[in-house]
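> Fold the following for me, if possible:
(chains A, B and C)
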Amino acid sequence: MEKIIQKVKNLSVGFKSQKGKEISILKNITTNIKKGETVGIVGESGSGKSTLALAMMGYVKQGLFTMGGECIFNSSNLLAMGNRELEKVRGRKIAMIPQNAGQSLTPNLKIGYQIDEALKLHTNLNKNERDKKISELLNKVRLPSPETIALRYPHELSGGQQQRVAVGMALAGNPDLLLLDEPTTGLDVTTQAHVLELLNFIAKDTGTSMVYVSHDLGAIAQVSDRIIVMYSGEIVLEGPARDILKQPIHPYTYGLLKSIPKLSLAGLPDSMPGSQPQPGAKTKGCSFYDRCNLAEDKCKKNSPNLEYVSELKTSVRCFNYKKLIEQKSEKQSNIKRNEKNIKINEILNLTDVSISYAKQKLLDQIFNKITDSNPTVKDINIDINKGETIALVGESGSGKSTILKSIAGLLRTKEGNIKFDQDRILSNDLKKRSSGDLRAIQLIFQNPDESLNPNHTVEEILAQPLKLYFGLSGEELKNNIIGLLEKVRLGKFYLARYPRQLSGGEKQRVAVARAFAAKPDVILCDEVTSALDVSVQAAVLNLLQQLKEDFGTTYIFVSHDLAVVRAISDRVAVLYQGRLCEIGPSKNVYKFPSHPYTEVLLGAVLEPDPDIKPKLVAEDIVEDKPPEKGCCFQGRCPRFLGDKCKNETPPWQIGDNGNAIRCHINIKDLEKKQNGN
Amino acid sequence: MFFLIIKRILLGFITLIIVSLITFVGTEVLPGDACTTYLEREAYGAALEACYERLGLNVPAHERYLSWAYNVIQGDFGYSLSGQMPINEVLGPRVKNSMVLASAAIIIGIPIALILGIVTALWRDKLPDITISTVTIFAMTIPEFISATLLILIVAIWLEWLPGIVIVPTDVTITELLPNIILPVIAIAMIMTAHMARMVRSSVIQVMSSDYVQMAILKGVPYWKMVFKHVLPNALLPAINVVALTIAWLLGGVVVTEVVFNYPGLGRLVIESISNRDLPTVQALAIILASIYVSINLIADLLTLMLNPRLKTLQIRK
Amino acid sequence: MATKTVSEFKKKNIYFKISEVLVTMASKPSGFIGLSILVFHILLAFLSPYLAPYDFKAIDPSLMLQAPSSEYWFGTDSLGRDVFTRTIMGGRIALTITFFGSLIALLWGGLLGIFCGLVGGKIDDVVMRIVDAFLSIPWILAMLLIVSLLGTSTEVLIPALGFFYGKGIVRVARAATHDVIAKDFIVSARARGHGNLSIIWNEIIPNVRDAILVEGAMRWSWMLLGFSSLSFLGFGVSPPTPDWGLMISNARGLMSFAYWAVIAPIVGLSSLIIGINLTADAFAKALGIDRSTKAPV
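So this is what the prediction gives:
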């Protein structure tokens, strides 16, 4: 039997509400972490997964308190320990790698000092040995030139580098157990894949046990031996990673896996209705009852216990899990996207669009400097057809949102023009655009918390475009608003609510309704699902697809998530550093990625399937700005040719599959090479 | 970095120029000029002419401003009407006396404010915080003239520990001055300290709830080491500017306190010259007080710039 | 029910919000104490003329500096006037002047701040530079100058105080506006093509209102402090009007044998300032704004 290093027993953590009621956010958690294994804890925001990880270090956030239970490490209960004793465990026996390393590194201390601090506390090395160890650690997490990194301040590093430093710092004390709290969330796709690969390597190399907390089943699938699924503060499913991912026997996990869009499958994922109950909202019955399609009467009255299913080595908290076992793995029933509406009838033409953020500074004017020969976005040519969904994908800094803003008129283009409906060029100046043109193009933003005025009710929010564009008022306005709410599947009773009284998914629905209120021709979607939980994301994607089919709207969909793009888009344009790399029908771009950057991007996507491993083709260097000349991807390209790529702008080539790429290498050769991989 | 410093200094100068314009235009626009207001009922005939002549009021306003500004840059503020002597001579000892008072208040106030602010933040909502915070609210809201009056009543009149009223000549030496400033310093420092302590408290609390402090705890950093290495440098940095503003604000309090204690400083001169309608002196005082304000803010800006690694490296790299 | 229009909802919400804020404020002991003191003083200001046992300006040399007694509860001052009468009436002028002064400060400071935050760029730079320059002249010097040249009438004091205490509000309003205009809902309104006025009225003001109101409440307590300092220095209201600052100043010289004439107005003034301050604090907390990080400029 393997050695158990951390034992969580009947742990409950909660907080006191303003009315003095005790509300639990972790309910009676019992689990063990064995030596050398990696346990993935997965759940949506608010499921209590981070609180559980912190409790494993004997740490309870301010405002929370332990209601009962214990976390036993080395036969002592961490939650009952004094601070002095905990200081000897934390960082030495158990170390934490935090979610946002950028905010978790102390801003006024150099990287070297912060690692040295951990070494001083937890090892007996002398100064020289420690200095050597710092370089060693930074080397181990694959940071270039460790000596210079050690002298830097946290803000001088990129997000990926900061995360690596955090990993190095956690390894300083040679811990037996590493807790990772969403360590790759917020990083770019390729960086994320690299950090995960590093973590996998470290787990093997050092034999450390790991607890990996994430909302992202894709990441969890890549690292975990065992998976714990949490819902509303409870463990609902626990077992070997492979079994859980291949045959999830809890309806929540089953639905969750189905709601994740996958690269290999075209079409929209299934959505789960509703959202996770607020802490304290439910007092009896199964916490998943409202959203479950296997629910029966007894689920409403009694809470199921965590039951061990020996043939699957899995524990499950459900009365009806057997139904899911019988159901077996049927083919995913995807809603087929309807492509009939697309006409080869262009609605927007972007011609040679360049956009620059740089302002001409006074000093530059005086010294007569030539400003910005190297704009943020350059030479964008895209023709968008009526009724299609075109996606712009790329990592942060790829200029995808910038392009959206200039289509909306919020940013001036430096060169080129944007033609609407084939007959008129949209003015660069928002104020000069006609009311009709403004109405025709609507925006939906990433974060509904920011895009909805917190001081307006839903009714007021939806009334704005209706009053502005159609001059509605009184009864007519009211009926229209109710109609809009129904379209996004929200009831009348939402009218008087404020955004803060809605869940994330509901807020985004209101934002969608506001965009559709204008009866637009084109809707610009800026990362509209990335602030949402996975199960809610699927519902919003389905809603967008449904509305599009009803109204024939054209979407320009910006996202960093390639799987989401795969699910919703008809055509996809891949951007790097504000330059177009590849454009073509989604099914072809995903099946036959031709441009080296597309290949890198797609290779890095994490799928919730232990059998599909990411392919790391290129380094995840972060470039501040695009190169002055030559190919935009020259700095990271795995197929870099040398001077030609450095000096000459690559030509457009069109492949047999209808995708166009910008590369010096012949597209046929590229396709061949990639299939060879 | 270098350019940033130059820019701040230039902005300070621009502020001073605007201040001089405001005071100049202000005294110009308001009814009556220096001579008529000063001479009041005797403002006619030869006396008025002589006054105009002496102050150079018979030339156009813009010329007067320019020549005045030119003199000020060279350190000459002109001629006091009531003192019948150059303003520089009136100002010299007064500035010194006020500086002694203000710096004593600052030197005592800042450390106490830091300690109180940090203690209240670290023991947030516990007994030390509740008591100190209650006291600071009182100290912060009571105007200086009330605390000064109460101090005199209790310490000087009832307990007879210290002299209540400062009776020294204007050109007193610092050693002679010191025993007299204890009560005025307490009166001034109280309100300022209370403000700064509150400010430090909230800044420390904010940093204590940051991700990096949580990380330091989870790294096993001992409590006090965490407070001194991870919390305070980051909490006190943004406090510098607010402290500077508080100090500048204290200048107003100094005026009132000096009057209560009959202290021979700038504050009393303000009241005297305004009561005497001595406009040239008032102008000089405005410029001097404004430059103190501007320089304190400048120092705070530069300190922040130097101590903030974020700004420091950003500028160097660019 | 189903036909309620937007404006009806809005109206109901404002009353609801005010009562909600008041309840939140009074639910904490400090807020409750502050509100009670403030209400007490406001009531006193209205009712004191009817409650006063004596004439506030009746001079009687035979009654000079009497110690507190059953007849003269707080004693008499150096001119033989009843200190109790003068104390309970001493807040009327101060409250009136500072209340209207704060309103003026709130109005011009808030509007200019929002304007600067909105337009940004060069205009913003210039305006803020001028505001900064005004900030750098100590308020007391400027106030004294204005008052000594224009007199101490209410018509001078209210706008002058309002002007000098509004500069701080400009900064707060500007910063709040800056924060708000970066938000996506403003971008969204701009992209929809709403006019500037509509954006200011519908999107910006509702979101900066709280910050500006809190700032205004804070200014009120500081303005009271400033006004009574002026009074104390002899540049506020003119005698024989009863005013705490003036009373303290007059009685100060004789306080070694007639301390009651000083203590009574001190208690009156201090309690009002503390009351307003606690109320402003509770108000800020009820609206979720942290006011302790701001310097009293």
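
> leaving aside the residues next to it on the chain, what's closest to whichever residue of the stretch 1-150 of chain C sits closest to chain B?
The minimum distance from the stretch 1-150 of chain C to chain B, using CB to the nearest CB, falls at residue C:133 (3.7 Å). From N, CA and C alone the C-beta is placed, and that goes for glycine too. The shortest distance from residue C:133 to any non-neighbouring residue, by CB to CB, 6 or more residues apart in numbering or on different chains, is to residue B:18 (3.7 Å).

> Check residue C:242 too.
Of all residues not flanking residue C:242 in the chain, residue C:86 sits nearest, at 4.0 Å (CB to CB, 6+ apart).

> counting contacts, what elements does the helix or strand hosting that neighbour pack onto?
If you go by DSSP states H and E, residue C:86 is part of helix C:83-89. For helix C:83-89, the elements it packs on are helix C:29-51, helix C:244-252, helix C:260-286, judged by 3 or more CB pairs under 8 Å, 6 or more residues apart in numbering or on different chains; DSSP states H and E.

> Chain A: which of those helices is closest?
helix C:260-286 (13.2 Å).

> neighbours around residue 266, how many?
You didn't pick a chain, so chain A it is. Residue A:266 has 17 neighbours, counted by other CB atoms under 10 Å in any protein chain shown.

> switch to chain B, that's the one I care about
The local packing of residue B:266 (other CB under 10 Å) involves 26 other residues.

> Can you tell me how far it is from chain C?
10 Å (CB to the nearest CB, to the nearest Å).

> Enumerate every residue touching the residue nearest to that residue when sequence neighbours are not counted.
Nearest residue to residue B:266 in three dimensions, chain neighbours excluded: residue B:98, at 4.2 Å (CB to CB, 6+ apart). Listed by CB atoms under 8 Å, 6 or more residues apart in numbering or on different chains, the contact set of residue B:98 reads B:254, B:258, B:265-267.

> Closest to residue A:609 out of the residues you listed?
Residue A:609 lies nearest to residue B:254 out of those, by CB to CB, at 73.1 Å.

> model confidence over stretch C:125-140, on average?
The average pLDDT within stretch C:125-140 is 78.

> Buried residues, it. List them.
Burial within stretch C:125-140, assessed by neighbour count using 16 or more other CB atoms under 10 Å in any protein chain shown, is assigned to C:127-128, C:130-140.

> Output the below-cut-off pLDDT ranges for the stretch 101-250 of chain B.
B:164, B:166-172, B:174, B:176-177 (pLDDT under 70).

> Residues of it that sit close to chain C?
Within the stretch 101-250 of chain B, the positions adjacent to chain C are B:137-138, B:140-146, B:149-150, B:152-153, B:157, B:195, B:198-199, B:201-203, B:242-243, B:245-246, B:248-249 by CB under 8 Å from any CB of the partner chain.

> How about the stretch 451-600 of chain A: which residue is closest to chain B?
For the stretch 451-600 of chain A, CB to the nearest CB, closest residue to chain B: residue A:531, 19.1 Å.

> thought that residue was touching residue A:447?
Yes. Here residue A:531 reaches residue A:447: they are 4.8 Å apart, a contact under CB atoms under 8 Å.

> and the stretch 51-200 of chain C, which residues reach chain A?
C:183-185, C:187-194.

> Need those residues in JSON lines (columns: neighbour count, pLDDT and secondary structure).
Formatted as JSON lines, these follow (neighbours: other CB atoms under 10 Å in any protein chain shown; pLDDT from 0 to 100; DSSP: H, G, I helix; E, B strand; the rest coil):
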{"residue": "C:183", "neighbour count": "20", "pLDDT": "87", "secondary structure": "coil"}
{"residue": "C:184", "neighbour count": "21", "pLDDT": "89", "secondary structure": "helix"}
{"residue": "C:185", "neighbour count": "28", "pLDDT": "91", "secondary structure": "helix"}
{"residue": "C:187", "neighbour count": "18", "pLDDT": "88", "secondary structure": "helix"}
{"residue": "C:188", "neighbour count": "27", "pLDDT": "90", "secondary structure": "helix"}
{"residue": "C:189", "neighbour count": "21", "pLDDT": "90", "secondary structure": "helix"}
{"residue": "C:190", "neighbour count": "21", "pLDDT": "87", "secondary structure": "helix"}
{"residue": "C:191", "neighbour count": "22", "pLDDT": "88", "secondary structure": "helix"}
{"residue": "C:192", "neighbour count": "25", "pLDDT": "89", "secondary structure": "helix"}
{"residue": "C:193", "neighbour count": "21", "pLDDT": "86", "secondary structure": "coil"}
{"residue": "C:194", "neighbour count": "21", "pLDDT": "87", "secondary structure": "coil"}
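
> Which single one of these is nearest to residue A:144?
Nearest to residue A:144 out of these is residue C:184 (CB to CB; 36.7 Å).

> who's in contact with the closest one?
A:445-447, A:450-451.

> if you set the cut-off to 10 Å instead, what comes out?
A:443-453, A:511, A:526, C:191 (CB atoms under 10 Å, 6 or more residues apart in numbering or on different chains).

> Next one, pLDDT for residue 215 please.
No chain was given, so I picked chain A. Note on residue A:215: pLDDT of 89.

> Actually, chain C is the one I wanted.
86.

> pretty sure it contacts residue C:221?
No. Using CB atoms under 10 Å, residue C:215 makes no contact with residue C:221, being 11.4 Å away.

> Find residues that contact each of those two.
C:102, C:280.

> Name the residue in the two with the higher neighbour count.
Each of residue C:215 and residue C:221 has its neighbours counted (other CB under 10 Å); residue C:215 has more, 30 against 24.

> If you count neighbours, what's buried in the helix or strand encompassing the more buried one?
In the assignment (DSSP H and E), residue C:215 maps to helix C:205-232. Within helix C:205-232, the residues that count as buried by 16+ other CB under 10 Å are C:205, C:207-208, C:210-232.

> and the helix or strand where residue A:476 lies with chain C, contact?
Element membership for residue A:476, per DSSP H and E: helix A:474-487. Yes. Residues of helix A:474-487 are located near chain C by CB under 10 Å from any CB of the partner chain, namely A:474-475, A:477-479, A:481-482.

> By neighbours, which of those wins?
When neighbours are taken as other CB under 10 Å, the top entry among the residues of helix A:474-487 next to chain C is residue A:481 (24 neighbours).
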